[in-house]
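Novice: 3D, please:
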Amino acid sequence: MYISISVKPACVIPLRVSARMANVIYLQDLQLYNGQLYADKYSRIFAVRDISSKTADEKFTFAVDGTLFSSISCLQPVLGQLRKSSRVHELVTVAGCVTHVDEETAFAWPACGKCDNDLLCEVDESIYLCQSCSGPAQVYTKMSLEVFISCPGLPHHYQIRVKLQQSSISSLLPSTQNDGKGYEMSSVLNKDVGPLHCVVLKARTIPFKNGEEESMQFTLQEIPSWECKLQLQLQEINEMFLED
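Specialist: The predicted structure follows:
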């Protein structure tokens, strides 16, 4: 089980949290409206830290006992499988075999290995300056790829599109390129992916037509494991403080 929270623009998010430097966060004074939790201008968000550790921005952190911090940090996400009744914004686990590749989404570009920014200036062959870091960039290649997969346990005629994370794309691609010109899309077909943690972006029912079975169309976006952990950690830490 997990809890979804909508963060309104007026809510102040500490840099440590927005920069994804906090593994655990604590939210205070949330608004409950029509069964949905909101963080608004009256809410406060803290990065949770071990009470024995020190940080320069302590006013934006919430210190807890080291044992409690360790137990929360070690939580692993447990999500339900994608199913016919899955709805938009739901977190799910999905695994399957690649049946098709959306070639329009398959591309790569250089990015700064320090700040992850793609505002680079090429000053010489394979030498870049990062406009964000204002200095030489240790470049790596970012990739985009969306695939269609067939999932065990779901009808084969369901259309399941997944926007993959960088690590999943890398695991699908061959270890060597084809003469340095990139990869053949066929090289990822019939390969297994997952289990992946995903959020449902779209869920659409395709009605019966000409005697065919009712079908479903899903668009999923793979999310990093830390985002799933954040949902579970929030629930766990609230339960522990309520018990006290």
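Novice: Now do the contacts for the residue lying closest to residue 149 once chain neighbours are set aside.
Specialist: Spatially, and ignoring its direct neighbours in sequence, residue 149 is nearest to residue 96 (3.7 Å; CB to CB, 6 or more residues apart in numbering). In short, each C-beta sits where N, CA and C put it, glycine included. Going by CB atoms under 8 Å, 6 or more residues apart in numbering, residue 96 touches 149, 150, 151, 152, 160, 192, 193, 194.
Novice: Remind me what the host helix or strand of residue 160 packs against, helices and strands.
Specialist: For residue 160, the enclosing helix or strand under DSSP states H and E is strand 159-163. With contacts defined as 3 or more CB pairs under 8 Å, 6 or more residues apart in numbering; DSSP states H and E, strand 159-163 has these neighbours: strand 91-112, strand 139-150, strand 192-206, strand 215-222.
Novice: ok, the last one: who's next to it in the sheet?
Specialist: Each strand that pairs with strand 215-222, with its direction, by DSSP bridges: strand 159-163 (parallel), strand 192-206 (antiparallel).
Novice: can you count the residues close to the closest residue to residue 94 other than its chain neighbours?
Specialist: Excluding the flanking residues, the one nearest residue 94 by CB to CB, 6+ apart is residue 82, at 4.7 Å. The number of residues packed near residue 82 is 27, by other CB atoms under 10 Å.
Novice: what's the offset of the strand holding residue 160 from the middle of its chain?
Specialist: Distance of strand 159-163 from the chain centroid (CA atoms, centre = their mean, to the nearest Å) equals 15 Å.
Novice: Look up how far residue 36 lies from residue 26.
Specialist: Distance, residue 26 to residue 36, using CB to CB, to the nearest Å: 19 Å.
Novice: out of these two, which sits in the busier spot?
Specialist: Higher neighbour count among residue 26 and residue 36: residue 26, with 21 against 10, using other CB under 10 Å.
Novice: The strand or helix carrying that one: what's the following helix or strand?
Specialist: Take DSSP H and E as the rule and residue 26 turns out to sit in strand 25-28. Downstream of strand 25-28, the first helix or strand assigned by DSSP H and E is strand 31-33.
Novice: what's in contact with the helix or strand following that following strand?
Specialist: Next along the chain after strand 31-33, taking DSSP H and E as the criterion, comes strand 36-39. Contacts to strand 36-39, defined as CB under 8 Å, 6+ apart, come from residues 3, 4, 5, 6, 7, 8, 11, 27, 30, 31, 32, 45.
Novice: Residue 175: which of the residues you listed is nearest?
Specialist: Residue 175 lies nearest to residue 4 out of those, by CB to CB, at 38.6 Å.
Novice: count of neighbours near the closest one?
Specialist: Around residue 4 there are 12 residues (other CB under 10 Å).
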